[in-house]
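In: just coords:
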């Protein structure tokens, strides 16, 4: 497992999956991007092309480099071809769905293939339970947008071998990212700490103390690049709400992690943020 990785597969072609695929391709690796829906793959391809075109326009890449990156990414709806040196899962934040996927990936790949999860909050130990060769299952948590954000959490579950964790750390460094080694705990480091940036802001909104715009403006004036509501819209209210709900359950309903009813209503209404055209702000 310590050998150089040349081929990577990504399971899930949403915002995170497509961003991770782009990161690997830019670093020179062959990438196979998988999703059950052809429409998701088409959208991912268009997004990657658009972001690379933006890099060319800014002088960060030339047309030749862009073409080479695009050539390194292949797309598939066939899970049976999802074989690589490392497979990174970037699907919905639901434990049982992830476990089903990991069981399939473990059966398809040999015991040397590293299986990594991009989960933001679900313990790696829970994902690995009952999966063949759990020692090769590890957390590899990128942040949105993956092609810009430098930090990547590398999370070791109870069964994760030191060799696998080190191999993923080295890979993250080779990608030009900054790895942070974490032990398995709800929310790991970043989401556990950052959760209150969102939760407390939503509580202020629930109390009608001030507006979304004022809260964002105040936090940005204090030095944050994005206010909490702009950030929730960027991440996606569905994803943000799911992570908060996961931490709330993992910490046995501790009140400081209580999900917001306001955000729940946003999700139920389909106001997911930038990706749906409307969230706490209107993007149409």
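Out: Looks like it arrived, so ask away. What you see is a predicted model; the values in this text were computed from it and never measured.
In: CA only for contacts and neighbour counts going forward, please
Out: Noted.
In: which secondary structure element contains residue 185?
Out: Under the assignment given by DSSP states H and E, residue 185 is not contained in any helix or strand.
In: what's around it, how many residues?
Out: Counted with other Cα atoms under 10 Å, the neighbours of residue 185 add up to 19.
In: ditto for the one 5 residues further on
Out: Here the neighbour count serves as a burial measure; for residue 190 (other Cα under 10 Å) it reads 17.
In: And residue 279, by the same measure?
Out: Residue 279: 24 neighbours (other Cα under 10 Å).
In: Touching, it and residue 231? I think so.
Out: No: between residue 279 and residue 231 there is no contact under Cα atoms under 8 Å: 10.6 Å.
In: Please, where are all the helices along this protein?
Out: Along the chain, the stretches classed as helices by DSSP state H are 15-26, 38-57, 63-71, 95-108, 124-128, 162-174, 190-206, 212-221, 228-235, 237-250, 261-268.
In: Same list (those helices) but as TSV, adding distance to residue 134.
Out: As requested, these are arranged in TSV below (distance: least, Cα to Cα, whole Å):
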stretch	distance to residue 134
helix 15-26	22
helix 38-57	29
helix 63-71	32
helix 95-108	9
helix 124-128	5
helix 162-174	11
helix 190-206	24
helix 212-221	42
helix 228-235	30
helix 237-250	21
helix 261-268	34
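In: Select, out of the ones you listed, the one closest to residue 283.
Out: helix 228-235 (9.8 Å; Cα to Cα).
In: and the lowest-mean-pLDDT helix or strand in the chain, what other elements does it pack with?
Out: Ranking every helix and strand in the chain by mean pLDDT, DSSP states H and E puts helix 237-250 at the bottom, with a mean of 92. Judged by 3 or more Cα pairs under 8 Å, 6 or more residues apart in numbering; DSSP states H and E, the packing partners of helix 237-250 are helix 261-268.
In: ok, residues contacting the helix it packs on?
Out: If you take Cα atoms under 8 Å, 6 or more residues apart in numbering as the criterion, helix 261-268 is touched by 202, 206, 237-238, 241, 272, 279.
In: Let's see that with 7 Å instead.
Out: Outside helix 261-268, the residues that touch it by Cα atoms under 7 Å, 6 or more residues apart in numbering are 237-238, 241, 272, 279.
In: Pick out the most distant pair among these.
Out: Farthest-apart pair in those is 241 and 279; separation 12.5 Å (Cα to Cα).
In: Now stretch 99-111: buried residues?
Out: Along stretch 99-111, the positions that meet the burial threshold by neighbour count (16 or more other Cα atoms under 10 Å) are 99, 101-106, 108-109.
In: try stretch 257-265
Out: 257-260, 263-264.
In: Just the closest of these to residue 212, please.
Out: When the buried residues of stretch 257-265 are compared for distance to residue 212, the smallest value, 12.3 Å, is given by residue 263; criterion: Cα to Cα.
In: how much space between the closest one and residue 217?
Out: Counting by Cα to Cα, to the nearest Å, the gap between residue 263 and residue 217 amounts to 19 Å.
In: Over to residue 246?
Out: For residue 246, the distance to residue 217 equals 28 Å [Cα to Cα].
In: Comparing the two, which residue is more hemmed in?
Out: Neighbours were tallied for residue 246 and for residue 217 using other Cα under 10 Å; the higher tally belongs to residue 246 (25 against 15).
In: Let me see the contact set for that one.
Out: For residue 246, the set of contacting residues under the criterion of Cα under 7 Å, 6+ apart consists of residue 121.
In: cool, residue 189 as well?
Out: Contact criterion Cα under 7 Å, 6+ apart gives no residues in contact with residue 189.
In: Give me the phi and psi for it.
Out: For residue 189, the backbone dihedrals (degrees, to the nearest 10) come out as phi -100, psi -60.
In: tell me the pLDDT at it?
Out: Here the pLDDT value assigned to residue 189 is 92.
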